[in-house]
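# Sequence and predicted structure are below.
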Amino acid sequence: MKKTTLPTIALLSFVTSACTLSPTSAIPNEVSPEDSGKITNLDERRVVSDLTDSERSTYCDNQRAYMARKVGKAEMHRVLCERLGALSVPVPAPKVDAEIQSKCRAGADKCMSETTGYDTTCSFSAADKLRQCSATIAEYNGCYEEKVAAHKRWAEQGYCSTLRALKPGETYQLPPLPPSCEAIRSKCPNAAEVD
């Protein structure tokens, strides 16, 4: 069976990205984002929707590369597969934590065997979602850094191991947005998905 890379999972992950700067936005003798530890070298005072198509693609790619640097490509592959594995838990869900976690891990293992890894290249659709974002790069980066921290925690503890059986009357809830992402939700309605 031919393995494919994991698709850009914007619906399951925070919009992420990484590339190179366009010649018009580069600063002479500037170090790369990888060397500086920053998400991007784009001017953080700029509004995301004011970026050119090329800069938006670069920014999106820079985010994905930052996620891979901070969490690890193999770890991100596992986290994203575990998040997909969580979708394979049958409804109604089993009543025992271990059974839910086992079903999640089985779905994650299937994903891991059918995909080749975490892709640090941003898809056009993910980059295009930044087109209507009125936040500054600094604001968006603050939210993104919190999303990266959440992914790092999931990588360390295993996303499937966080799943619990529901008590009567409970419903599954998405994790709350990090505080810095609440403002981004209204400023970037298409790009503020929780990763």
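On my side now, so go ahead.
# list the contacts for residue 135?
47, 48, 143, 183, 184, 187, 188 (CB atoms under 8 Å, 6 or more residues apart in numbering). The C-beta positions use only the backbone N, C-alpha and C, and glycine is treated the same way.
# Buried only: go through those residues for me.
With neighbours counted by 16 or more other CB atoms under 10 Å, these contain buried members at 48, 143, 183, 184, 187, 188.
# and the next element down the chain from the lowest-mean-pLDDT helix or strand in the chain?
Of all helical and strand segments in the chain, the minimum by mean pLDDT, DSSP states H and E falls on helix 33-36, at a mean of 62. Later in the chain than helix 33-36, the nearest helix or strand by DSSP states H and E is helix 53-71.
# pLDDT of that next one, averaged?
Averaging pLDDT along helix 53-71 gives 90.
# What of stretch 109-117?
Average pLDDT, stretch 109-117: 90.
# Give me the buried positions along that stretch.
Buried residues in stretch 109-117, counted by 16+ other CB under 10 Å: 111, 112, 115, 117.
# Dump those into TSV; add distance to residue 138 and secondary structure as well.
Listed next are the buried residues of stretch 109-117 as TSV, based on distance: CB to CB, whole Å; DSSP: H, G, I helix; E, B strand; the rest coil:
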residue	distance to residue 138	secondary structure
111	34	helix
112	36	helix
115	33	strand
117	30	coil
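# Return the closest of these with respect to residue 38.
residue 117 (23.9 Å; CB to CB).
# Straight-line length of stretch 170-181, end to end?
Length of stretch 170-181, first residue to last, CA to CA, to the nearest Å: 25 Å.
# avg pLDDT for that stretch?
Across stretch 170-181, pLDDT averages out at 72.
# and residue 90, how many neighbours?
9 (other CB atoms under 10 Å).
# before we move on, the earlier item: need the max-distance pair from the buried ones among the contacts of residue 135.
48 and 183 (12.9 Å).
# would you put the C-alpha positions of stretch 125-139 in CSV?
Only the C-alpha atoms of stretch 125-139 are listed here, as CSV (Å, rounded to 0.1, in the frame of the first residue of the first chain):
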residue,chain,number,x,y,z
SER,A,125,-6.4,26.5,1.3
ALA,A,126,-4.7,26.8,4.7
ALA,A,127,-2.7,29.9,3.6
ASP,A,128,-5.8,31.3,1.9
LYS,A,129,-7.7,31.2,5.2
LEU,A,130,-5.3,33.9,6.5
ARG,A,131,-6.6,36.3,3.8
GLN,A,132,-9.4,37.5,6.0
CYS,A,133,-7.5,37.8,9.2
SER,A,134,-7.4,41.3,10.8
ALA,A,135,-5.0,40.4,13.6
THR,A,136,-1.4,41.5,13.6
ILE,A,137,1.3,38.9,13.1
ALA,A,138,2.3,39.4,16.7
GLU,A,139,-1.3,38.7,17.9
